[in-house]
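>>> Structure of the sequence below:
(3 chains)
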Amino acid sequence: MCLLSIDEIFNKIVSSRSLIKDRAVLRADYVPDKLLFRNNEITAVAEVLSPLLKGYRASNLLLYGKPGTGKTAVARYVLKHLQRKANELNIKIALAYSNTKTANREYTMLVELGNSIGLKFPFTGLASSELFTRILNYINNYNLNTVFVLDEIDFLVKRYGDEILYQMTRSNERLENGSLGLVGISNDLNFKEFLDPRVLSSLSEEEVVFAPYSVNELKEILLERVELGFYKDTVNTSAINLCAAIAGSEHGDARRAVDLLRVAGEVAEREGAVKVEERHIRIAEKKIEQDKVTETLRRLPLHEKLVMYSILLADNGITGDVYSKYLELTKKLSIEPVTQRRIGMMISELDMQGLIYAPIINKGRHGRTKKITLAIQHSLLKQAIEEDPLTNGIL
DNA sequence: AGTCCACCGGAAAACATGGCAA
DNA sequence: TTGCCATGTTTTCCGGTGGACT
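So this is what the prediction gives:
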């Protein structure tokens, strides 16, 4: 595996010219001092939130647009400046941000929001409604004008329904002091259909729609990042163009463009290149895809990993085959198997995550089941199994 | 025309986890 | 502590199903 001695590795790194000057600038969540091409949006958001500076409640606001169109960046940007201004004027406001996709549970989201306005909560054990009541009490007691930014709100709604949002939109009626304004951010343009009309009308008191960046705009954004993040003359112009073109062809996604650029830079550095070229972008494109899969696999719970491996063993198998392989594996590792019903659910989940294909097929006399195949490279899966101390016993 | 396979997927019951209040 | 509660996960139970086969 390891062909180079550790010394050689260090030497190579030291001697190779570094291309990247400031890695942080090249991360997708970096918020620049000046956001390009989003002035209208910034103004709109700032106007909606500005009443806070006078001690009034801010209207609820819905931001939507495709991924990587700057919604999160604009929200954070405005929040940052708002907080700064409030400090300057010595006005007490509380601003909280939560990404409901990474927070992934209603509970975790409330904990995050509570924490960032200064509350402490236990990890588990409380009802969500209890958490929420506490948050409201806190706002009430300290007379805070508050804004909650709920990023990727469509995720929350699709998974857990809009009950919690309903509570939130109604909370101003429960508050005697202070206020709670909501900023919802959604990637999905159709997610409104999932909302109760009462919630929708309240949440979208104001709306800002984010249009995708054009290829030229992407190019400008990349040029700025290159300027800040790379040393002079280390990125080929055609590489930048390619980067912008790739991201542009996928609904003008700036996040993707910046990710591509960073990874390409790393690839080029590692191979000791003098410049980032087009081919580095191509390599980066593949690498990002693979890393995403590896990361998803790594995060999979034990039994789902076993299911994945069972699918590999029973290639082209149907649910029954996969389940019997799975039983063998659990026996080998001497752990308790779960029921086939549960495995069926896991298979559906893995299918939704895009790790496997599991269409239902009819074989007439021979029943009705799912035909299951892996949707990822087998080697990546093997690697993930190997890495995990809980599963490497089955190899 | 009717049977019957091999599982799907909904619903509810059972179990587990962890805070709270007394 | 102990009993209680809410939440989340897994099991149990079971009705449902499209088409190859008789």
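
>>> Whichever residue of chain A sits closest to DNA strand C: what's it in contact with?
Taking Cβ to the nearest atom of the strand, DNA strand C has its nearest neighbour within chain A at residue A:364, 1.7 Å off. All C-beta spots, glycine's among them, are computed from the backbone N, C-alpha and C. Counting by Cβ atoms under 8 Å, 6 or more residues apart in numbering, residue A:364 touches no other residue.

>>> Now the helix ranked longest in chain A - C-alpha only, PDB.
For chain A, the longest helix by residue count, based on DSSP state H, is helix A:278-299. The C-alpha atoms that make up helix A:278-299 are tabulated as PDB, following Å, rounded to 0.1, in the frame of the first residue of the first chain:
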ATOM      1  CA  GLU A 278      -8.400  21.600 -16.800                       C
ATOM      2  CA  ARG A 279      -7.600  18.000 -16.100                       C
ATOM      3  CA  HIS A 280      -7.400  18.700 -12.400                       C
ATOM      4  CA  ILE A 281     -10.900  20.000 -12.500                       C
ATOM      5  CA  ARG A 282     -12.000  16.700 -14.200                       C
ATOM      6  CA  ILE A 283     -10.200  14.700 -11.600                       C
ATOM      7  CA  ALA A 284     -11.800  16.800  -8.900                       C
ATOM      8  CA  GLU A 285     -15.200  16.200 -10.300                       C
ATOM      9  CA  LYS A 286     -14.800  12.400  -9.900                       C
ATOM     10  CA  LYS A 287     -13.100  12.700  -6.500                       C
ATOM     11  CA  ILE A 288     -16.000  14.800  -5.100                       C
ATOM     12  CA  GLU A 289     -18.500  12.200  -6.300                       C
ATOM     13  CA  GLN A 290     -16.500   9.400  -4.700                       C
ATOM     14  CA  ASP A 291     -15.900  11.200  -1.400                       C
ATOM     15  CA  LYS A 292     -19.600  11.800  -1.100                       C
ATOM     16  CA  VAL A 293     -20.300   8.100  -1.400                       C
ATOM     17  CA  THR A 294     -17.500   7.100   1.000                       C
ATOM     18  CA  GLU A 295     -18.800   9.600   3.500                       C
ATOM     19  CA  THR A 296     -22.400   8.400   3.300                       C
ATOM     20  CA  LEU A 297     -21.200   4.800   3.700                       C
ATOM     21  CA  ARG A 298     -19.100   5.600   6.700                       C
ATOM     22  CA  ARG A 299     -22.000   7.200   8.400                       C
END
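
>>> Need the residues that contact that helix.
By Cβ under 8 Å, 6+ apart, helix A:278-299 touches A:236, A:238-239, A:242-243, A:246, A:259-261, A:263-268, A:273, A:305, A:308, A:353, A:355, A:376-377, A:380-381, A:383-384, A:387-388.

>>> Okay, now the unreliable bits of chain A?
For chain A, applying pLDDT under 70 flags the ranges A:1-4, A:11-17, A:103-104, A:122-125, A:160.

>>> Just the buried residues of the contacts of helix A:278-299.
A:236, A:239, A:242-243, A:246, A:259-261, A:263-268, A:273, A:305, A:308, A:355, A:376, A:380-381, A:384 (16 or more other Cβ atoms under 10 Å).

>>> Could you tell me which of those belong to helices?
A:239, A:242-243, A:246, A:259-261, A:263-268, A:305, A:308, A:380-381, A:384.

>>> Specify the local secondary structure of residue A:42.
helix (DSSP: H, G, I helix; E, B strand; the rest coil).

>>> residues near the residue lying closest to it once chain neighbours are set aside, how many?
In this structure, residue A:42 finds its nearest non-sequential neighbour in residue A:74, 5.6 Å apart by Cβ to Cβ, 6 or more residues apart in numbering. The number of residues packed near residue A:74 is 25, by other Cβ atoms under 10 Å.

>>> what's the answer for residue A:334, then?
With other Cβ under 10 Å as criterion, residue A:334 counts 7.

>>> From DNA strand B, how far off is it?
According to Cβ to the nearest atom of the strand, to the nearest Å, residue A:334 and DNA strand B sit 18 Å apart.
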